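*Asks:* quick one: sequence plus predicted model below, questions after.
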Amino acid sequence: MIYLDHNATTPLDSRVFEAMLPYLRETWGNPSSPYRFGQEARAAVERARARMAECLGCRPTEVVFTGGGTEADNLALRGVVRALRDRGRHVVTSAIEHPAVLRTCAALEADGCRVTCAPVRADGVVDLAAVERALGPDTVLLSVMHANNETGVLQPVAELAELAHARGIPFHVDAVQTAGKLPLRPATLGADLLALSAHKFYGPKGVGALFVRSGTPLHPLLTGGEHERGLRAGTENVAGIVGLAEALALAQAEAEAEAVRVGALRDRLERAILAAVPGARVHGAGAPRVPNTTNLALPGVDGESVIVGLDLHGICVSTGSACSTGDPAPSHVLTAMGVSPREAQSSVRFSLGRDTRPEDIDTVVRALAEVVARLRAVSSL
Amino acid sequence: MAARSQEMPEGQGGPETAPGDPPGPILYYNELVLDHFTRPRNAGELPPAETDGFGLVGDPSCGDQLKLWISVRDGRITRIGFKSFGCPGAIATSSMLTELARGKTVEEARRITDDDVIEALGGIPERKRHCSLLGVRGLHAALADWEARRAADGATRDR
């Protein structure tokens, strides 16, 4: 199998697995229990928190462990909106956010909030001027992702932070697609809140974190015990938290070298596909992107047909356009970039990772050329 | 990763859904559907001289498109061809539809339903059921075109 869908999930790093094992097998106590057996688990959680803080350049008290990236986004959005409900009911975000943000915004809208989705330019970068126009006196939160999951296009978060902070508005960054891939310092990015998810950087599924800058108003989603300083009730996922911190530390230590390596492979893949598939086009090619991602239009063929065709060659890729996930609407990200619905339907995402080898690129391009030629031979377009 | 360079097991079509299964998370196609997807039957257009009916239909719900050509001799579909832009479900159901329609009388062909196509394929994922309508609608469009052409020919002959 050749796996080029690392933006969907990544394999668990064996070093991370080893770090987690003791907390599944031996040290399984409840971190809230007062006896030593419980407090050993507590110590592991707090060591993990300190490691996260070191990775993020923040204080340990600014790290809230969650059940993944989606929960971290939900906590940021719903938590700030609720905490600031006396100040205003307006949220500004972008048109290309992950459903974890967009659908949460829709839910907030149903609860009486006003939401503005700023448009993006043709290259997939959010329109800063539109964000600036949208921010008003009743705006309580600006939420924009660091890198888009479908195109890999990086967003100008530092500039966005300035716009928000000039008006005293908290700024949330969904960094699920950059954590472990790029240096991630909330202070440098200007983020008051920042969401990440372990399984995107070779950690376990079902665990993530929200950075919450000290003083940021936030209400919990889950109420119960006093876990996570009252911001996230529920007995800690000790092994998952240990795995998250280990995975982030490892990924960050290797990020710079890996970005160079995987970026060269991604560029090689793009060049080869553009040469092998007439009419192919890279989405967001002119914008800065995370080094592992490319999303291409392959005109005349349906994206899901390409995915299934490649799957039969043992190659895993993905489409943002979601006929493959049951939603027949074309990708909201690509259509927001001005891509026609049909071109969006013809688009496929390749996301590379640690296990990607140069020879994989050649295999994938050969298989892709064959699949596209076969589909084009029966295409009615 | 552990599984790298491992070959896909032979005939690994993934779990199947039967017609009537509740809408579920299974996204994958069975082996027969994949076979029609990778080796579509009756793919390609018929030459104009042999085309007695032509249908062009689109699926507004997902952007899929189908073109379908038929030759009719003595009230029977003798040749059929199709081209399709769409997902594996659209291609496979169009392919199976042409197999079911080929050799049938016009009247028999008219009675083919989307359920017939799905049953002949051994089921398709629930979310793809709408794809099978594309083929049936394409066939109906081609048959309507054949009738219109016949009526026009008859009118010419009568003059």
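*Replies:* Happy to help now that I have it.
*Asks:* nearest spatial neighbour of B:Gly58, skipping sequence neighbours?
*Replies:* Spatially, and ignoring its direct neighbours in sequence, B:Gly58 is nearest to B:Gln65 (4.8 Å; Cβ to Cβ, 6 or more residues apart in numbering or on different chains). To be clear about C-beta, it is placed using only N, CA and C from the backbone, and glycine gets the same treatment.
*Asks:* in the stretch 51-200 of chain A, mark out all the strands, start to finish.
*Replies:* A:63-66, A:90-94, A:114-118, A:139-145, A:171-174, A:193-197 (DSSP state E, counting those that start in this stretch).
*Asks:* chain B: which of these is closest?
*Replies:* Among the strands of the stretch 51-200 of chain A, the nearest to chain B by Cβ to the nearest Cβ is strand A:193-197 (19.0 Å).
*Asks:* need the residues that contact that closest one.
*Replies:* A:56, A:66, A:68-70, A:72-73, A:76, A:80, A:170-176, A:179-180, A:184, A:186, A:207-213, A:216, A:218, A:248 (Cβ atoms under 8 Å, 6 or more residues apart in numbering or on different chains).
*Asks:* starting from that strand, tell me which strands it pairs with and how they run.
*Replies:* Strand A:193-197 has its sheet partners listed here by DSSP bridges as strand A:171-174 (parallel), strand A:208-212 (antiparallel).
*Asks:* mean pLDDT and mean neighbour count added to these, as CSV?
*Replies:* Shown next, in CSV, are the strands paired with strand A:193-197 (pLDDT from 0 to 100; neighbours: other Cβ atoms under 10 Å in any protein chain shown):
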stretch, mean pLDDT, mean neighbour count
strand A:171-174, 98, 29
strand A:208-212, 98, 29
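*Asks:* check contacts around residue 109.
*Replies:* If you meant another chain, say so; for now it's chain A. A:Val115.
*Asks:* you looked at the wrong chain, it should be chain B
*Replies:* B:Ile77, B:Ala101, B:Leu139, B:Leu143.
*Asks:* 6 Å - rerun?
*Replies:* Contact analysis of B:Ala109 by Cβ atoms under 6 Å, 6 or more residues apart in numbering or on different chains lists B:Ile77, B:Ala101.
*Asks:* now swap in A:Thr356 and tell me
*Replies:* Counting by Cβ under 6 Å, 6+ apart, A:Thr356 has contacts A:Leu265.
*Asks:* rewinding a little: ok so the residue nearest to B:Gly58 is a strand residue?
*Replies:* Yes: applying DSSP: H, G, I helix; E, B strand; the rest coil, one finds B:Gln65 inside a strand.
*Asks:* how about the residue nearest the centre of chain B: what's its closest non-neighbour residue?
*Replies:* Centroid check for chain B by Cα atoms, centre = their mean gives B:Ser94 as the closest residue, at 1.5 Å. Nearest residue to B:Ser94, sequence neighbours excluded (Cβ to Cβ, 6+ apart): B:Gly135, at 4.3 Å.
*Asks:* wait, doesn't the one you found sit right on B:Met96?
*Replies:* No: between B:Gly135 and B:Met96 there is no contact under Cβ atoms under 6 Å: 7.4 Å.
*Asks:* can you map out the helices along the stretch 101-250 of chain A?
*Replies:* Along the stretch 101-250 of chain A, the segments classed as helices by DSSP state H, counting those that start in this stretch run A:128-134, A:157-166, A:186-189, A:238-276.
*Asks:* quick one: B:Trp69 and B:Phe54 touch, right?
*Replies:* Yes: at 5.4 Å, B:Trp69 counts as touching B:Phe54 under the criterion of Cβ under 6 Å.
*Asks:* those two: who's more crowded?
*Replies:* Shown here are B:Trp69 and B:Phe54; by other Cβ atoms under 10 Å in any protein chain shown, B:Trp69 has more neighbours (25 against 19).
*Asks:* so B:Pro40 versus A:Val101, what's the distance?
*Replies:* Using Cβ to Cβ, to the nearest Å, B:Pro40 is found at 40 Å from A:Val101.
*Asks:* so how far is the helix or strand encompassing the residue nearest to B:Ser94 from its chain's centroid?
*Replies:* Element membership of B:Gly135 [criterion: DSSP states H and E] is helix B:129-158. Distance of helix B:129-158 from the chain centroid (Cα atoms, centre = their mean, to the nearest Å) equals 15 Å.
*Asks:* could you export the helices of the stretch 101-250 of chain A as JSON lines, including distance to chain B, mean pLDDT and mean neighbour count?
*Replies:* Shown next, in JSON lines, are the helices of the stretch 101-250 of chain A (distance: least, Cβ to the nearest Cβ, whole Å; pLDDT from 0 to 100; neighbours: other Cβ atoms under 10 Å in any protein chain shown):
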{"stretch": "helix A:128-134", "distance to chain B": "28", "mean pLDDT": "98", "mean neighbour count": "16"}
{"stretch": "helix A:157-166", "distance to chain B": "31", "mean pLDDT": "98", "mean neighbour count": "18"}
{"stretch": "helix A:186-189", "distance to chain B": "31", "mean pLDDT": "96", "mean neighbour count": "17"}
{"stretch": "helix A:238-276", "distance to chain B": "15", "mean pLDDT": "98", "mean neighbour count": "20"}
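*Asks:* any chance of a markdown table for the ones you listed, columns distance to A:Asp5?
*Replies:* Listed next are those as a markdown table, based on distance: least, Cβ to Cβ, whole Å:
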| stretch | distance to A:Asp5 |
| --- | --- |
| helix A:128-134 | 31 |
| helix A:157-166 | 25 |
| helix A:186-189 | 26 |
| helix A:238-276 | 13 |
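*Asks:* out of the ones you listed, which is closest to A:Ala19?
*Replies:* A:Ala19 sits nearest to helix A:238-276 of all those, at 4.2 Å, using Cβ to Cβ.
*Asks:* the closest one to strand A:193-197, inter-axis angle?
*Replies:* 80 degrees (axes from the mean of the first three to the mean of the last three Cα atoms, to 10 degrees).
*Asks:* residues contacting stretch B:98-107, please?
*Replies:* For stretch B:98-107, the surrounding residues in contact (Cβ under 6 Å, 6+ apart) are B:Arg41, B:Asn42, B:Gly75, B:Arg76, B:Ile77, B:Ile80, B:Phe82, B:Ala109, B:Ile112, B:Leu139.
*Asks:* if we can go back for a sec, have a look at B:Pro40 and A:Val101 and say which one is more surrounded.
*Replies:* Between B:Pro40 and A:Val101, A:Val101 has the larger neighbour count (other Cβ under 10 Å), namely 26 against 23.
*Asks:* who touches that one in this structure?
*Replies:* Here A:Val101 is in contact with A:Asp73, A:Thr93, A:Ser143, A:Asp174 (Cβ under 6 Å, 6+ apart).
*Asks:* and if we set it to 7 Å?
*Replies:* A:Asp73, A:Leu77, A:Thr93, A:Ser143, A:Asp174 (Cβ atoms under 7 Å, 6 or more residues apart in numbering or on different chains).
*Asks:* from A:Leu222, how far out is the closest residue to chain B within the stretch 51-200 of chain A?
*Replies:* Nearest residue of the stretch 51-200 of chain A to chain B, counting by Cβ to the nearest Cβ: A:His199, 13.8 Å away. Distance check for A:His199 against A:Leu222: by Cβ to Cβ, it reads 20 Å.
*Asks:* thank you kindly, that will do.
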